[in-house]
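**Student:** sequence isn't available, so here's the structure alone:
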């Protein structure tokens, strides 16, 4: 299937870049629990900064389409942490699974996740616009998972006990190759572990006469470097499937 998604960088006149990932992703889905257990969705913040799930200025919350839920004012996913959206009273869910008080739990959501597949979209509100005298709030897709119980999607989460679990948190999510059945009955709500960091080294050789300067900026699962150097090595820590984008800046003219 063709997916038209936001890109991690503008590539006008060139091949499309990688999909934009984050800052919050859908990391685990319990869509077909065994009888007597609740449905739930786990969200993971892949950045080092807490992400508010509301637009405090305009009073509009983020939404989980497919579960018919709008997050309340003050909702947040902690830095490098998780939050849960559940189909029962949050206090009951916390007690049922022994979830830490540090993990926010929201709900209950009104919708029922389809056992045969569902298009889940985590959406943030855009800047309100006035259309024909009526205020309209555009919705921007942050993450999407159109899961199924057939084809390339794992079958164990379809009523056998496991949840549907994202394999690589910082990789594209709407791809069955990036999902598996969890190894635990009932799933592992609230316990996502970010992939381990690995050290890599990149050597850059540019035109002579450029300054020896590196500026680093982290963008979700990507590390972006602006490099101004004749010869420079980058030594950094990355997670599997993270992306390194390197820009070699033009030298300044004399005078």
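**Tutor:** Looks like it arrived, so ask away. Small disclaimer: the values here were computed from a predicted structure and weren't measured. Numbering: from 1, shown residues only.

**Student:** going forward, measure contacts between C-alpha atoms and count neighbours the same way
**Tutor:** OK.

**Student:** burial count for the residue lying closest to residue 179 once chain neighbours are set aside?
**Tutor:** Spatially, and ignoring its direct neighbours in sequence, residue 179 is nearest to residue 166 (4.5 Å; CA to CA, 6 or more residues apart in numbering). Neighbour count for residue 166, taken as other CA atoms under 10 Å: 25.

**Student:** low-confidence stretches in the stretch 151-255 of the chain?
**Tutor:** 192-255 (pLDDT under 70).

**Student:** list the contacts for residue 150?
**Tutor:** Taking CA atoms under 8 Å, 6 or more residues apart in numbering, we find residue 150 in contact with residue 116.

**Student:** in stretch 49-68, what's buried?
**Tutor:** 50-55, 60-67 (16 or more other CA atoms under 10 Å).

**Student:** now do stretch 169-182
**Tutor:** Buried residues in stretch 169-182 (16+ other CA under 10 Å): 169, 170, 171, 172, 173, 174, 175, 176, 179, 180, 181, 182.

**Student:** just stretch 98-112 next, same as before
**Tutor:** Neighbour count says stretch 98-112 has 99, 103, 104, 105, 106, 107, 108, 109 buried, by 16+ other CA under 10 Å.

**Student:** for residue 79, see how far away the fourth one is.
**Tutor:** Translated: residue 105. 15 Å (CA to CA, to the nearest Å).

**Student:** on that earlier part again, tell me the one of the buried residues of stretch 169-182 nearest residue 132?
**Tutor:** Closest approach to residue 132 among the buried residues of stretch 169-182 (CA to CA): residue 174, at 35.2 Å.

**Student:** you'd agree that closest one is up against residue 142?
**Tutor:** No. In this structure, residue 174 is not within contact of residue 142 by CA atoms under 8 Å, at 11.7 Å.

**Student:** give me the contacts around stretch 26-40.
**Tutor:** Stretch 26-40 is contacted by residues 41-44, 84-88, 112-115, 122, 143-145, 157-166, 169, 173, 186-187, 189, 192 when judged by CA under 8 Å, 6+ apart.

**Student:** quick check on the residues you listed: which are buried?
**Tutor:** For the contacts of stretch 26-40, buried by 16+ other CA under 10 Å: 41-44, 84-88, 113, 115, 122, 143-145, 157-159, 161-166, 169, 173, 186-187, 189, 192.

**Student:** what about these, which are in strands?
**Tutor:** Within the buried ones among the contacts of stretch 26-40, residues falling in strands by DSSP state E are 41-44, 84-86, 122, 143-145, 164-166.

**Student:** wait, what's in contact with the residue nearest to residue 190 when sequence neighbours are not counted?
**Tutor:** Of all residues not flanking residue 190 in the chain, residue 82 sits nearest, at 6.0 Å (CA to CA, 6+ apart). Residues near residue 82 by CA under 8 Å, 6+ apart: 42, 43, 44, 45, 103, 104, 190, 191, 192.

**Student:** so what pairs up with the closest residue in space to the fifth one that isn't next to it in sequence in the strands?
**Tutor:** Nearest residue to residue 103 in three dimensions, chain neighbours excluded: residue 83, at 5.6 Å (CA to CA, 6+ apart). Beta-bridge partners for residue 83, by DSSP bridges, are residue 43.
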